[in-house]
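Engineer: compute the structure for the input listed below.
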Amino acid sequence: MQPIREFMASQFPIQSQSPFTIGDVSTLDAHGVLEFRCTLFWNTRSVAQVDSGSGPFEPLNWRWFDVEAKDDFASFLRLIRFPTADLFVGSMIACFSNIQWFARECQTDTLFRYPSDPSHVFQRVKVPFSPEVKRQLQVRYGENIHFINEAIEQLSGRRNLLD
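Structural biologist: Numbers count the residues shown, from 1 in each chain. Coordinates of the predicted model:
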């Protein structure tokens, strides 16, 4: 088994650091342009429906259910110094799409990171993940390697936002 070095995008935001999250996400790749619809949640309460415009650089379409949440969202963005609400939701959609991509890749391959790998780098072995494959890789590369397959399995559990 020889790993193949690959790169991945960074993730934002870390969910524990944001009272605003997305869910009920549906995406569609329309000729290389990602179209999406999602719900914005404020501390687990749905407060807005957001969907992409007709083109890649069009403003997002917002439909607020809760005006108070809209004001708090604007204050939150100023507090964390995030440029726009559209970029904030777009970043979360990108993160969501990255996780979906990893989940698909983990169905057939074993993905892992060495402790010394930068955050955007991962290794790939073109065999399905299993306890035996994990053991062989740990024997060869050390116990401290991090398996993306295991992280994806944890996200696939009960109450998973990716379902």
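
Engineer: longest single helix anywhere in the protein?
Structural biologist: Looking across the chain with DSSP state H, the single longest helix is helix 85-106.

Engineer: where in the protein is pLDDT low?
Structural biologist: Scanning the chain for pLDDT under 70 picks out the ranges 1-17, 54-55, 156-163.

Engineer: now the strands for it?
Structural biologist: Under the criterion DSSP state E, the chain carries strands at the ranges 4-7, 20-30, 33-42, 45-51, 61-64, 110-113, 121-125, 146-147.

Engineer: what inclination does the second one have with respect to strand 45-51?
Structural biologist: Yep, that's strand 20-30 we're talking about. Following axes from the mean of the first three to the mean of the last three C-alpha atoms, to 10 degrees, one obtains 30 degrees for the angle between strand 20-30 and strand 45-51.

Engineer: buried residues in strand 20-30?
Structural biologist: 20, 21, 22, 25 (16 or more other C-beta atoms under 10 Å). All C-beta spots, glycine's among them, are computed from the backbone N, C-alpha and C.

Engineer: now what about it, what contacts it?
Structural biologist: Contacts with strand 20-30, where a contact means C-beta atoms under 8 Å, 6 or more residues apart in numbering, come from 15, 34-42, 46, 50, 73, 76, 88-89, 92-93, 96-97, 100, 161.

Engineer: buried ones among those?
Structural biologist: Among the contacts of strand 20-30, those buried by neighbour count (16+ other C-beta under 10 Å) are 35-36, 38-42, 50, 73, 76, 88-89, 92-93, 96-97.
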